[in-house]
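Participant: Got a predicted model here, sequence first, then my questions.
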Amino acid sequence: MSDPIITLTTDFGTSDHLVASMKGVILNINPAARLVDLNHGVAPCDILDGALSIANCYRYFPPRTIHVVVVDPGVGTQRRPLLVSAEKQYFVAPDNGVLSLIYERESCTVRHISAEHYFLNPVSPTFHGRDIFAPTAAWLAKAFQTEAFGPEIADFVRFTMPKAKPAGQSVKGVVLRVDAFGNLMTNLTAEDVPAAMAASGEIKLAVNGKEVKKMVLTFGLGAPGEPVALFGSAGFLEIAVNRGNAARTLGVNRGAEVTLDLA
C-alpha cells in the first residue's frame, strides 16, 4: 500500500503556527503520511467558501485520500466532529455544512467522531483542528477502520447551494466567490445558458448595473479591460477581465446579483 495522502483545507492562513501544528500532530502519529495543502486562504468563518474549495478539487486525488476541512466558527460548541466516507475518499470536518457539496455529489456514510482516545489530551476548546481533526485523520490513515471512530448518524448539517432561478425572460443568479485574480464565480452553469448563446459569443449579463456582452472560451480571448463571461474549470459561469480584475472593474463582491437576459 502506498503512503497515505492527507489534505488540509482551512481558513487559518499561513502567517502563524496553526497549520504547522496540525501537520506536526499528523506526522507524529503517522510519519508515512503525505501532506497536501489544498487551501488555507478560505475566507474566515465562511462555510460556503470552504465548501466550494473542497468540492472543486477532491475528485482529482487518488482513492483513499483523506481530506481534513477545518472551517469551524462553532469550534468548542456542541457541533459535532465528523468522519465522512464517500465513494472513494474520506473527509474529516465539523458538522456545520462545510461538506454539503460532497453530500450532494457522493454516496456518503457519516459518523460522529466520538472515540476520544484518538484525540490529543487535553483538547483545546479553541483548536479542534489540531486536537481532534488532525489526529483522527492520522489514525484513520493507519488502518482505514472508520467504524472505530464513532457511530453512524443521519441528522448531519447540510445546506443547498444557491441555485440560479428563472425570472420571466431572464435567469437570476449570484456571485458565489471572488478568486485571487478578481474573477467572479457565479452560480450559473451550462444548463442556465442556452447553447446557441454560448456558441454565438454574445451574451447579456447584468451585474451591479453594468453589462457583460461577450462570451469567450478563455481569459486571454477577452480584450484588455473588457469584462467577459466564460465557463471556468469548476463548471460555473465566471465574469473576468483579461489582465485585470473583474471585481474592481465592476465594483462588485460576493453575493452580488447577476441577471442573464434570455430575450
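Facilitator: Ah, there it is.
Participant: Do you have the strands of the stretch 1-150 of the chain handy? List them.
Facilitator: 5-10, 34-39, 66-70, 81-85, 90-94, 109-112 (DSSP state E, counting those that start in this stretch).
Participant: With respect to A240, which of those strands lies nearest?
Facilitator: Closest to A240 of these, according to CB to CB: strand 34-39, at 19.9 Å. All C-beta atoms are positioned from the backbone trio N, CA, C, and that covers glycine.
Participant: orientation of the closest one relative to strand 66-70 in degrees?
Facilitator: Per axes from the mean of the first three to the mean of the last three CA atoms, to 10 degrees, the angle that strand 34-39 makes with strand 66-70 is 40 degrees.
Participant: Spell out which strands sit alongside strand 34-39 in the sheet and which way each one runs.
Facilitator: strand 5-10 (parallel) (DSSP bridges).
Participant: Need the contact partners of the strand it pairs with.
Facilitator: Applying CB atoms under 8 Å, 6 or more residues apart in numbering, the contact partners of strand 5-10 are 18-19, 22-23, 26, 33-40, 42, 50, 53-54, 58, 61-62, 64-71, 129, 137-138, 141.
Participant: Check stretch 51-67 too.
Facilitator: Under CB under 8 Å, 6+ apart, the answer for stretch 51-67 is 4-7, 9, 36, 38-39, 42, 69, 88-93, 97-102, 105, 137, 140-141, 144, 161, 176-177, 185, 233-234.
Participant: filter those to the buried ones?
Facilitator: Among the contacts of stretch 51-67, those classed as buried by 16 or more other CB atoms under 10 Å are 4-7, 9, 38-39, 42, 69, 89-93, 97-102, 137, 140-141, 176-177, 185.
Participant: rewinding a little: can you redo the strands of the stretch 1-150 of the chain as CSV with mean pLDDT and distance to A148?
Facilitator: Below are those laid out as CSV (pLDDT from 0 to 100; distance: least, CB to CB, whole Å):
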stretch, mean pLDDT, distance to A148
strand 5-10, 98, 17
strand 34-39, 98, 22
strand 66-70, 98, 14
strand 81-85, 98, 10
strand 90-94, 98, 13
strand 109-112, 98, 10
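Participant: Can you tell me which of these is nearest to E211?
Facilitator: strand 34-39 (32.1 Å).
Participant: Off-centre distance for that closest one?
Facilitator: Strand 34-39 sits 14 Å away from the centroid of its parent chain (CA atoms, centre = their mean, to the nearest Å).
Participant: Name the residues of the lowest-mean-pLDDT helix or strand in the chain that come out as buried.
Facilitator: Between all helices and strands in the chain, the lowest mean by mean pLDDT, DSSP states H and E belongs to helix 195-200, at a mean of 87. Neighbour-count burial for helix 195-200 flags 197-198 (criterion: 16+ other CB under 10 Å).
Participant: quick one: contacts of it?
Facilitator: Residues external to helix 195-200 that are found in contact with it (CB under 8 Å, 6+ apart): 190, 203, 215, 231, 262.
Participant: Cool, thanks, talk later.
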